[in-house]
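Engineer: What follows is a protein structure lacking sequence information:
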């Protein structure tokens, strides 16, 4: 078997991604970044954000137009990662239109994988993803990439699933200060990247942050929320929270276990027993009135 065929990433990432057992991973089309899918309002591959006019090797806030909300990184680590449950600052990286250099400190996610990862078969959760080396707290690990869908298409695909099907579709809702909500639907089921192998945990070691580079379609970047040891499974909270603690369970919508409820096998002390559930994707959309 050729090196490329042994690589889950098909040579499209900085580093090869191995699997265990080798060659038994699900068949899907690999893409390191989002691709446009049915119903999407914007093509994620189009460059729509302007670049900064910084002529220095590395940009500084508040001079750089990409850093109007403050510095996002410090020595390639996400700033304020210690406040995981409160992290809400918009993150914009410098892009191909910027005048700054390729070594600019505000270019992290776009540099791709920096750690060796492995897709592996778990005992009860199907496929999972683990690191083969130590990952320091705050470092970028990988993206969750796939088809960008419109809301109606995401709802249609989810409603066609049974409780026995794996659901890879994620709905990310960003709440703006003016009350507006930006929704992004990503489906890596058939076209996706290594992020599709990530499992849920009620006490995850990764934090998902929307990062914008070339366009307003966010890249769903996952950062290490703490130091992660070699051979440790990587996980994030499907609900969007960082810790699914008992004090937060009142806000979590628990599914009907006889319908779409899927058991959680994360094995943590604060396990909620079921995977997070977004009822809005299983029902018809409400009509909105614009005043």
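Structural biologist: Done, it's in. Keep in mind the model is a prediction, meaning the values are calculated, not measured.

Engineer: Tell me which stretches of the protein form helices.
Structural biologist: 3-6, 151-159 (DSSP state H).

Engineer: Would you mind finding the most buried of these?
Structural biologist: When you average the neighbours per residue for each of the helices of the chain (mean count of other Cβ atoms under 10 Å), helix 151-159 leads with a mean of 18. To be clear about C-beta, it is placed using only N, CA and C from the backbone, and glycine gets the same treatment.

Engineer: helices or strands next to that one in the packing?
Structural biologist: Using 3 or more Cβ pairs under 8 Å, 6 or more residues apart in numbering; DSSP states H and E as the contact definition, the elements that helix 151-159 packs against are strand 181-192.

Engineer: who touches the strand it packs on?
Structural biologist: If you take Cβ atoms under 8 Å, 6 or more residues apart in numbering as the criterion, strand 181-192 is touched by 28-31, 34-35, 37, 144-151, 153-154, 157, 166, 168-176, 195-196, 210, 217-218, 220.

Engineer: I'd like to know how far the closest residue to residue 101 other than its chain neighbours sits from residue 79.
Structural biologist: Of all residues beyond its chain neighbours, the one nearest residue 101 is residue 57 (4.6 Å), with distances taken as Cβ to Cβ, 6 or more residues apart in numbering. For residue 57, the distance to residue 79 (Cβ to Cβ, to the nearest Å) stands at 20 Å.

Engineer: who's more crowded, those two?
Structural biologist: With neighbours defined as other Cβ atoms under 10 Å, residue 57 and residue 79 compare such that residue 79 has more, 16 against 11.

Engineer: correct me, but the more buried one touches residue 61?
Structural biologist: No - here residue 79 does not reach residue 61: they are 10.7 Å apart, not a contact under Cβ atoms under 8 Å.

Engineer: so what sits against both of those two?
Structural biologist: Counting by Cβ under 8 Å, 6+ apart, the shared contacts of residue 79 and residue 61 are 70-71.

Engineer: Count the neighbours of residue 281 for me.
Structural biologist: Using other Cβ under 10 Å, the number of residues around residue 281 comes to 19.

Engineer: and it, what does it touch?
Structural biologist: Under the criterion of Cβ under 8 Å, 6+ apart, the contact partners of residue 281 comprise 154-155, 158-159, 169, 171.

Engineer: at 6 Å what do you get?
Structural biologist: Each residue near residue 281 by Cβ atoms under 6 Å, 6 or more residues apart in numbering is listed here: 155, 158.

Engineer: Can you give me the distance of it to residue 183?
Structural biologist: Plainly put, residue 281 is 11 Å away from residue 183 if you go by Cβ to Cβ.

Engineer: ok, now residue 211?
Structural biologist: Using Cβ to Cβ, we find residue 211 at a distance of 17 Å from residue 183.

Engineer: Same drill for these two, tell me which one is more crowded.
Structural biologist: Here residue 211 and residue 183 are set side by side on neighbour count (other Cβ under 10 Å), and the busier one is residue 211, at 21 against 13.

Engineer: Verify the contact between that one and residue 217 for me.
Structural biologist: No - in terms of Cβ atoms under 6 Å, residue 211 does not count as a neighbour of residue 217; the distance is 10.7 Å.

Engineer: what residue ranges in this protein score low on pLDDT?
Structural biologist: Across the chain, residues meeting the criterion (pLDDT under 70) sit at 1-5, 82-87, 242-261, 283-291.

Engineer: gap between the two ends of stretch 43-57?
Structural biologist: The stretch stretch 43-57 measures 30 Å between its terminal residues, going by Cα to Cα, to the nearest Å.

Engineer: Quick check: buried residues in it?
Structural biologist: When burial is assessed from 16 or more other Cβ atoms under 10 Å, stretch 43-57 yields the following buried residues: 44, 49, 51-52, 54.

Engineer: same question, stretch 89-99
Structural biologist: Of the residues in stretch 89-99, 91-95, 98 count as buried by neighbour count, 16+ other Cβ under 10 Å.

Engineer: which ones among the residues you listed are found in strands?
Structural biologist: For the buried residues of stretch 89-99, membership in strands holds for 91-92, with DSSP state E as the criterion.

Engineer: Would you mind measuring from the residue lying closest to residue 41 once chain neighbours are set aside to residue 94?
Structural biologist: The spatially closest residue to residue 41, leaving aside those adjacent along the chain, is residue 150, at 6.8 Å (Cβ to Cβ, 6+ apart). Taking Cβ to Cβ as the measure, residue 150 and residue 94 are separated by 29 Å.

Engineer: got it, and residue 112?
Structural biologist: Here the distance between residue 112 and residue 94 works out to 15 Å (Cβ to Cβ).

Engineer: Endpoint to endpoint, stretch 139-156 covers what distance?
Structural biologist: Chord length of stretch 139-156, first to last residue, is 35 Å (Cα to Cα).
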